[in-house]
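In: Provide a 3D model corresponding to the input given below.
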Amino acid sequence: YNPNKLYLDPKKLRKYVAFDLDSIYKKSDEKLTIKQLSKLDVFDYINIDYENGFRNGKHTLDANISATPRKKHSLRAEFNLSTTSINYTGPGLKLEYYNRNTFKGAEKLKISGTGRYEVQLSGVDEGLASYEIDLQANLLLPSVQGPLKKKVNPGNVPNTRYRLQYRLFNQPNYYAQSSFGAGYGYEWLSQERIFHDFRLINFDYLQLLQSSEQLEDLLNQGVLSRESFEDQVIAGPSYSISINSKQKRVNIFSHYIGLNAETAGNLLQLGYEITGQERNENGQYRFIGVPFSQYVRLQTDLRAYIKLGKYNRLAMRQIIGVGIPYLNSSALPFAKQFFVGGASSLRGFQARSIGPGVYFSDDQGSFFDQTGDIQIEWNLENRTDLGQYLEGALFVDAGNVWLARESAARPGGEFRFNKFMNQLAISSGVGVRINLEFLIIRFDFGVPLRKPYLPEGQRWFWEDVDEEFQTDRSQLILNFAIGYPF
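Out: Down below sits the predicted model:
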């Protein structure tokens, strides 16, 4: 071979080969070598052959590794027509360039651009349009770079990820916001089914480009925190772990556990306190000219799947999320707040139309105010095979969001341990799914069973049937989506 044309640099490849010179042959070393080279995702086929040799007066076994490289460059264009959980429908286009061996060491570079244009087809805001542009560049290095020298189980190749991102969202009747982000962190498997994602550095600069009369009214009333929408910096680490049970066709029970924790602003706050920096008129420290967010945010996602028979499966999910702003912040950034409702949540309610707590807004043309600092959600679904490509489902969803603190502008929105169970929204319905193996097309028809924002004695649908079914908010809701809800 011409060394200048090698697909991979041998020096970079050597650490993934478990064999050592003059070591005793072990079958486990062969399996480990194939496993680690496969994890690099640069080979289609890997094989190890052995030859008898003689060196320094000793018989030897020489290992020859042969591998078929995958195509280095790829381009992909993806066009889709999407329907979101808040009745926005429209076309989207994604262009992606992928280089799986950028520097001859299995370094993966992904550059993508996504554009989306959506129009609300029904509801009070029918005809309202929005668009979004998202540009990203991600570089994954198959090793641990930087200050953290993380050891992982043999065979599980860790990655160091670098991220650059620019996003623009514009909903003309409400607001326009841009964000620039950069990140640095690590991804690894501690076992075959336990995935870790540690973002050591996350930096996002959010800028409100355009406001509106509708948004300003909500801000002036105190229904929304101006701090959540104004220009700000979000800087801090995050960590997530996901655990999948081993999937087998004969499994009666399987599960998924997802945990995510993130903080922002703590190091900046400490640095400004130590150096005695001045605060702005709102008592906040500023970084590069704008306040920085300071909060802690935790979320759990627990799922269980039980096989009830040859054609029936029971799927369950619990989501609990908590976000608490403190010190330099009095409110979470809007993008970090929780909401319920929609195609993968409470399917009898529109997204962001419930909560916080028993609070209700007469301005249903806006969905901004239906968010909170605390989320609790439970989902139960029975899935049945109806034919070769057809599946049916019966489901019940319950949940709500709450505020961590009392708000005069949103009375009844704060979380109370002795009240939250009585403030749950509940919906139920049936679903039809077309399972094409590579794609699942889902139609879920949901109806609200319990509305926590109504007065006591009117919350359950049977307590005032005639009035309930005469209102638009009680009509059957069709949720169209791709993939299972969980």
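In: which residue ranges of the stretch 151-300 of the chain form helices?
Out: For the stretch 151-300 of the chain, helices defined by DSSP state H, counting those that start in this stretch occupy the ranges 213-221, 226-229, 266-275.
In: buried residues, the longest one. List them.
Out: What it means is helix 266-275. 266, 268-269, 272 (16 or more other CB atoms under 10 Å). (Glycine included, C-beta is placed from N, CA and C.)
In: closest to Gln207 among those?
Out: Leu268 (18.1 Å; CB to CB).
In: for that closest one, which non-adjacent residue is closest in space?
Out: Closest residue to Leu268 apart from its sequence neighbours, by CB to CB, 6 or more residues apart in numbering: Phe292 at 5.2 Å.
In: and the one you found, bridged to which residues?
Out: Val233 (DSSP bridges).
In: tally of neighbours for it?
Out: 23 (other CB atoms under 10 Å).
In: next up, the contacts around it.
Out: 232-235, 264-265, 268-269, 285-286, 328 (CB atoms under 8 Å, 6 or more residues apart in numbering).
In: before we move on, what about Leu37?
Out: 13, 16-17, 43, 46, 65, 67.
In: now the phi/psi pair for it, please.
Out: phi -70, psi -30 (degrees, to the nearest 10).
In: before we move on, the earlier item: the contacts of Leu37: which two are farthest apart?
Out: Val17 and Phe43 (12.9 Å).
In: rewinding a little: which one of the contacts of Phe292 sits closest to Asp22?
Out: Nearest to Asp22 among these is Ala235, at 50.3 Å by CB to CB.
In: and for the closest one, the neighbour number?
Out: So Ala235, with other CB under 10 Å, has 21 neighbours.
In: which non-adjacent residue is nearest it?
Out: Phe203 (4.9 Å).
In: who does the one you found form a beta bridge with?
Out: Under the criterion used here (DSSP bridges), Phe203 is bridged to Ala182, Ala235.
In: ok, now how distant is it from Thr275?
Out: From Phe203 over to Thr275 the distance is 20 Å, taken as CB to CB, to the nearest Å.
In: assumed Phe349 was part of a strand.
Out: No: according to DSSP: H, G, I helix; E, B strand; the rest coil, the state of Phe349 is coil, so it is not within a strand.
In: contacting residues for it?
Out: Contacts of Phe349 by CB under 8 Å, 6+ apart are 340-342, 425, 427, 446, 448, 477.
In: now render these as CSV, adding secondary structure and pLDDT.
Out: Output for the contacts of Phe349, formatted as CSV (DSSP: H, G, I helix; E, B strand; the rest coil; pLDDT from 0 to 100):
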residue, secondary structure, pLDDT
Val340, coil, 93
Gly341, coil, 90
Gly342, coil, 85
Ala425, strand, 96
Ser427, strand, 96
Gly446, strand, 93
Pro448, strand, 93
Ile477, strand, 84
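In: Gln207: which of those is nearest?
Out: Once CB to CB is applied, the member of the contacts of Phe349 that ends up nearest Gln207 is Gly342, at 27.0 Å.
In: using the three-state scheme, assign Lys35.
Out: Lys35 ends up helix, using three-state DSSP.
In: alpha carbons only: can I get stretch 63-82 in CSV?
Out: C-alpha atoms of stretch 63-82 as CSV (Å, rounded to 0.1, in the frame of the first residue of the first chain):
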residue,chain,number,x,y,z
ALA,A,63,-2.6,-12.8,13.2
ASN,A,64,-3.6,-11.1,9.9
ILE,A,65,-6.6,-8.7,10.2
SER,A,66,-8.5,-8.0,7.0
ALA,A,67,-11.3,-5.5,6.8
THR,A,68,-13.5,-4.0,4.1
PRO,A,69,-13.8,-0.3,4.5
ARG,A,70,-17.2,1.5,4.3
LYS,A,71,-17.7,4.4,2.0
LYS,A,72,-16.0,7.4,3.6
HIS,A,73,-18.4,10.1,2.4
SER,A,74,-22.1,10.2,2.2
LEU,A,75,-24.8,12.7,1.4
ARG,A,76,-28.4,12.4,2.4
ALA,A,77,-31.5,14.5,1.6
GLU,A,78,-34.7,13.9,3.5
PHE,A,79,-38.0,15.5,2.7
ASN,A,80,-40.9,15.0,5.0
LEU,A,81,-44.4,16.2,5.8
SER,A,82,-44.9,16.6,9.5
